[in-house]
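Novice: kindly generate the corresponding structure for this input.
(2 chains, ligands or ions: 2)
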Amino acid sequence: MKSSQNVSVSKVGEIPEPAPQIQDDRPGPQTDRPVAIVRALQKSYAGKPVVDRVSFDIRKGEFCGLLGPNGAGKTTILRMLVGNSMPDSGSLEVLGYPVPREARRMRARVGIVPQSDNLDPDLSVIENLFVYGRYFGIAGNVLEMRVHELLTFASLTDWAGSRINQLSGGMMRRLSIARALINKPELLILDEPTTGLDPQARHTIWQQLRRMQREGMTLILTTHYMEEAERLCDRIILIDNGALLADRSPEQLISEEIEAHVLEVHGSGVSEWCGTVELPIGVRCEKVGETVFFYGENLHWIVDRLDGESRLRYSYRPANLEDVFLKLTGRDLRDA
Amino acid sequence: MPESVSLAAARVFSIWYRNALVWRKSALRSLLGTFSDPLLYLLAFGYGLGRFVGEVGELTYVVFLCSGIIASSAMNAATFEGLYMAYTRMETNKTWESILSTSVGLPEIVFGEILWMGTKSVISVIAILGVALLLGLVQSWMAVLVIPVGFLCGICFGAMAMVVTSYSRSYEFFLYYVTLLITPMILLSGVFFPLSSLPDGVRLASAALPLQHVVIVVRALMTGSVELVDSVHLLVPLLFLLIAGFIALTQFRKRLQN
Ligand SMILES: Nc1ncnc2c1ncn2[C@@H]1O[C@H](COP(=O)(O)OP(=O)(O)OP(=O)(O)O)[C@@H](O)[C@H]1O
Ligand SMILES: [Mg+2]
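Specialist: Numbers count the residues shown, from 1 in each chain, chains lettered A, B, ... in the order given. Ligands and ions are numbered 1, 2, ... in the order given. Model prediction:
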């Protein structure tokens, strides 16, 4: 596992410099310091370790994916990062502020999209944005302008006066993201922003997130859609059972952790047929229920053999992030 | 650091403002709710029962009762807000969780919520005071001071309710608090009948709780018989406010930022 390059900036366990005297909503002076510095972060619930000595840095402008199976500890890490969950040990610094000590001031410059929507159901769409802005101390014309910008951004202008429970899941998600942008954050943290959304909504959100990154924002995203992570993220932090498994770019993960190609075969009699294939060195075979997966640099010769088998269906493709994810975290169900 | 103080005040106010905005949408309905019950008690007991009771001390029964109703409805308004409404915002709607993603900290949420609970008490006090004025039950201009006393009563009982909310896992839990503490307190704090008719032990127990002291001060203000020493009574709700506010904050921290 490769650790990130900026370790020298802040050593493990070292208490970070106190945050500079910054007004609540003014950007800080240091720009080359990592946006987030996480060192040996540890957290247990009821004696069970949920986050286990996790360390990483997030650099400015990065689009970072935090991946892992259900219960891996992603949400817990994000909650600690923004100061809403207390670590048992380790150190955290975000945007130059030590967390949780200065978390409140730090949050003035961060946007948070929670895993489950917590829009205010007592307020209308537009009031949700207004009231949220006031929590950041934004008021008057500035707030008025931003609220209308964000309504347009979320394509909710026609729904401004609607109650939250009249919105579809996709609209709520869009509003949650818009709400998180009300303070013009430098760091945006999104916990499964596209779960449960249709392809149209997902593509819209992807485009918006990409644009924000281009405009200089740093983003941290969790998702269970590997395709999404592969498309969006410059960097994948993979955790399982609370511990760091990998920390690399999606391209590196795919080229370094798994064979180049995957052949999936399924259909009746697949097990018997599989017995007839002799595997050379460098080709891996994995049976999952009624499906057989082959992994190797070149599997054309197996595909050729399949052409005679009319009962079997197959797909032959380059390996992707999902294959890496399953290889590194295993195929067992997590909360069973 | 006057600027950081004013910023903190603005954050506390943003919590208050959110609740006020929601309240305003259904103000008429809410007013009717907070206001019809105590009014019915005042009219039915004050004039109905009052005919049999005659006078309490030098006061007609309805005048005696009016002060008690004002104090107890201030308590009820804040208690309801601190139990059911605050629990809904915290647990059911996760509104506090969303606020904790902003520049507002947990102490500011708790502070702002308690201020709002005091405001709910003030609204109810003003409503009943208005009716009392129309009925000719207000005997002194000092009665305007009932409004700040009602506010103190509200923030005190709001904070106490928040302690219960901070431990609660469901709405059912609130019934224990209301049945075991709030209702007996209404009955034994000189709202409906004078404290002198209580056995010594009960009177002492009741004196250890805030409502009795609020009733005494409100009654003195309403009848114009208030003296400076009466303000000592206000120390009891103040003490409860401080202790309850501290416990609630500590417990909310454990619960929401664990
Ligand atoms: N407040 C809590 N009290 C007790 N256990 C908790 C608490 N929060 C999380 N956990 C446990 O910690 C573990 C990690 O949870 P977490 O929500 O961080 O996982 P996750 O990676 O976000 O999962 P998912 O992908 O399902 O959202 C889980 O086993 C969960 O049950
Ligand atoms: Mg999660």
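
Novice: for residue 65, helix, strand, or coil?
Specialist: Picked chain A for this. strand (DSSP: H, G, I helix; E, B strand; the rest coil).

Novice: that's the wrong chain, I wanted chain B
Specialist: Going by three-state DSSP: B:L65 is helix.

Novice: pull the contacting residues for it.
Specialist: B:Y41, B:L42, B:F45, B:G46, B:G50, B:V191, B:F192 (Cβ atoms under 8 Å, 6 or more residues apart in numbering or on different chains). C-beta: built from backbone N, CA, C; applies to glycine.

Novice: okay, it: pLDDT?
Specialist: With respect to pLDDT, B:L65 has a value of 96.

Novice: distance of it relative to chain A?
Specialist: 35 Å (Cβ to the nearest Cβ, to the nearest Å).

Novice: kindly report the residues of chain B close to chain A.
Specialist: Within chain B, the positions near chain A by Cβ under 8 Å from any Cβ of the partner chain are B:7, B:10-11, B:14, B:17-18, B:21-22, B:25, B:93-95, B:97-105, B:256-258.

Novice: in ChimeraX, select just the buried ones from those.
Specialist: Restricted to buried positions by 16 or more other Cβ atoms under 10 Å in any protein chain shown, the ChimeraX selection for the residues of chain B next to chain A reads:
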select /B:7,10,11,14,17,18,21,22,93,94,95,97,98,99,100,101,102,103,104,105,256,257
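
Novice: ligand 1 next: which of the residues of chain B next to chain A are close?
Specialist: B:N258 (Cβ under 6 Å from any ligand atom).

Novice: can you list the residues of chain A near ligand 2?
Specialist: For chain A, the contact set with ligand 2 under Cβ under 5 Å from the ion comprises A:K74, A:T75, A:Q115.

Novice: surely B:M222 meets B:V144?
Specialist: No. Here B:M222 does not reach B:V144: they are 10.5 Å apart, not a contact under Cβ atoms under 8 Å.

Novice: could you check which of these two is surrounded by more residues?
Specialist: Between B:M222 and B:V144, B:M222 has the larger neighbour count (other Cβ atoms under 10 Å in any protein chain shown), namely 27 against 11.

Novice: so where do the strands sit in chain A?
Specialist: A:36-45, A:48-58, A:63-67, A:89-94, A:97-99, A:110-113, A:187-191, A:218-222, A:235-240, A:243-248, A:261-267, A:284-288, A:291-296, A:312-318 (DSSP state E).

Novice: between these, which gets the lowest average pLDDT?
Specialist: Taking the mean pLDDT of these, strand A:284-288 comes last: a mean of 89.

Novice: and that one, what does it pack against?
Specialist: helix A:270-275, strand A:291-296 (3 or more Cβ pairs under 8 Å, 6 or more residues apart in numbering or on different chains; DSSP states H and E).

Novice: hey, which of those is tucked in deepest?
Specialist: strand A:291-296 (a mean of 19; mean count of other Cβ atoms under 10 Å in any protein chain shown).

Novice: what lines up beside that strand in the sheet?
Specialist: Looking at strand A:291-296 with DSSP bridges, its partner strands are strand A:261-267 (antiparallel), strand A:284-288 (antiparallel).

Novice: possible to save these as JSON lines with mean neighbour count and distance to A:V142?
Specialist: Shown next, in JSON lines, are the strands paired with strand A:291-296 (neighbours: other Cβ atoms under 10 Å in any protein chain shown; distance: least, Cβ to Cβ, whole Å):
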{"stretch": "strand A:261-267", "mean neighbour count": "19", "distance to A:V142": "52"}
{"stretch": "strand A:284-288", "mean neighbour count": "13", "distance to A:V142": "55"}
